[in-house]
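> return a 3D structure for these sequence lines:
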Amino acid sequence: MRKLSDELLLESYHKATELKLSNDFILLIELEIKRRSLSYKIKATS
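Numbering: from 1, shown residues only. Purely as a prediction, here's the structure:
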């Protein structure tokens, strides 16, 4: 996940939630988003 750009990580999160993918997978993405301090971006676009 560290190789993904911030933009691609956020797009992946939105697509994964839209497609209702595995909660474990979504959680991994959320953890990486928090690690990068990007949480405000998913709240702003939700």
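
> which SS class is residue 2?
coil (DSSP: H, G, I helix; E, B strand; the rest coil).

> got the contact list for it?
residue 32 (CB atoms under 8 Å, 6 or more residues apart in numbering). Quick note: C-beta positions are derived from backbone N, CA and C, even for glycine.

> which parts of this structure are helices?
Applying DSSP state H to the chain gives helices spanning 6-18, 23-35, 39-45.

> least confident of the ones you listed, on average?
For the helices of the chain, the weakest mean pLDDT is recorded on helix 39-45, namely a mean of 80.

> now for that helix, which elements pack on it?
Judged by 3 or more CB pairs under 8 Å, 6 or more residues apart in numbering; DSSP states H and E, the packing partners of helix 39-45 are helix 6-18, helix 23-35.

> let's have those helices in TSV, adding distance to residue 44 and mean neighbour count.
Below are the helices and strands packed on helix 39-45 laid out as TSV (distance: least, CB to CB, whole Å; neighbours: other CB atoms under 10 Å):
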stretch	distance to residue 44	mean neighbour count
helix 6-18	10	14
helix 23-35	12	14
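
> okay, those in JSON lines with distance to residue 42 next?
Conversion of these to JSON lines gives the following (distance: least, CB to CB, whole Å):
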{"stretch": "helix 6-18", "distance to residue 42": "6"}
{"stretch": "helix 23-35", "distance to residue 42": "6"}
